[in-house]
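return atomic coordinates for the entry below.
(2 chains)
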Amino acid sequence: GQNIDQPTEMTATEGAIVQINCTYQTSGFNGLFWYQQHAGEAPTFLSYNVLDGLEEKGRFSSFLSRSKGYSYLLLKELQMKDSASYLCAVRSTDSWGKLQFGAGTQVVVTP
Amino acid sequence: DSGVTQTPKHLITATGQRVTLRCSPRSGDLSVYWYQQSLDQGLQFLIQYYNGEERAKGNILERFSAQQFPDLHSELNLSSLELGDSALYFCASSDPGYRTNEQFFGPGTRLTVL
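Okay, here's the model as predicted:
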């Protein structure tokens, strides 16, 4: 089975940086995804990591350490529109692409 | 717009009733996934279909069933509805041929059971 942990909520100021951590336990790892979800809306894909290291995409970066079962999502130059829930999801090797999602981290950006 | 469509957007019904939620995947995507999102439980995987066949099952209740049709659209049937079934139901689709095989989510159906 899988167990995914991420903080419930984080608050940061506009223009700042926030790092959302995610730890996971899985029987066979085949990729980690980050999604952004605004309240009442669909999750939207942000990033994918399958090898160790950092993936950068504009203001968002995601890091993975498979040996530690650890990932983080880094949000830079925070904007008010970044206030949302950020979901960490793991795909295992025994699945057909199905994902196990963490409970999500609610990021609140303040002026 | 992800390219995944879901109908209806909102559904209000009574306990004991049966409803059908519909999903059309992105053009070319063979996999369809259904998720339930309640306030206290996060995004829960229900079931996956690939090209018409069931491939994976999550915490789907026996009162719930799904299928994927030859044109690849999918339906989720919820019966004997209970108050606790009130939630957002999302459909997602993906193409295993993509390197990342990320899932694209539809806008969801908000089900309210009174």
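
can you give me how far stretch B:48-68 is from the chain middle?
Distance of stretch B:48-68 from the chain centroid (Cα atoms, centre = their mean, to the nearest Å) equals 9 Å.

give the buried residues for that stretch.
Buried residues in stretch B:48-68, counted by 16 or more other Cβ atoms under 10 Å in any protein chain shown: B:Gln48, B:Tyr49, B:Tyr50, B:Arg55, B:Ala56, B:Ile60, B:Phe64, B:Ala66, B:Gln68. C-beta coordinates here come from the backbone N, C-alpha and C atoms, glycine included.

any regions of the chain where pLDDT drops low?
I went with chain A, as the question did not name one. A:1-2, A:95 (pLDDT under 70).

was after chain B, sorry
Residues of chain B meeting the criterion pLDDT under 70: B:40, B:98-99.

nearest residue to the middle of it?
The centroid of chain B falls nearest to B:Trp34 when counting by Cα atoms, centre = their mean (3.1 Å).

what residues does it make contact with?
B:23, B:45-48, B:60, B:66, B:74, B:76, B:89-92 (Cβ atoms under 8 Å, 6 or more residues apart in numbering or on different chains).

so which of these reach chain A?
B:Phe45, B:Gln48, B:Phe90 (Cβ under 8 Å from any Cβ of the partner chain).

mind putting those residues in JSON lines, secondary structure included?
JSON lines is the format used below for the ones next to chain A among the contacts of B:Trp34 (DSSP: H, G, I helix; E, B strand; the rest coil):
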{"residue": "B:Phe45", "secondary structure": "strand"}
{"residue": "B:Gln48", "secondary structure": "strand"}
{"residue": "B:Phe90", "secondary structure": "strand"}
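
related to what we said a few turns ago, element containing the residue nearest to the centre of chain B?
Taking DSSP states H and E as the criterion, B:Trp34 maps to strand B:31-38.

do B:Asn77 as well
Using DSSP H and E, B:Asn77 falls in strand B:74-78.

which bits of chain A sit near chain B?
Near chain B, when you scan chain A using Cβ under 8 Å from any Cβ, you find A:31, A:33, A:40-45, A:48, A:87, A:91, A:95-104.

again, only this time at 10 Å
Proximity of chain A to chain B (Cβ under 10 Å from any Cβ of the partner chain) is limited to residues A:4, A:30-31, A:33, A:35, A:37, A:40-50, A:85, A:87, A:89, A:91, A:94-104.

what ranges does chain A have for its helices?
With DSSP state H as the criterion, chain A has no helices.

isn't B:Pro25 up against B:Thr5?
Yes - contact criterion Cβ atoms under 10 Å: B:Pro25 and B:Thr5 qualify, at 8.6 Å.
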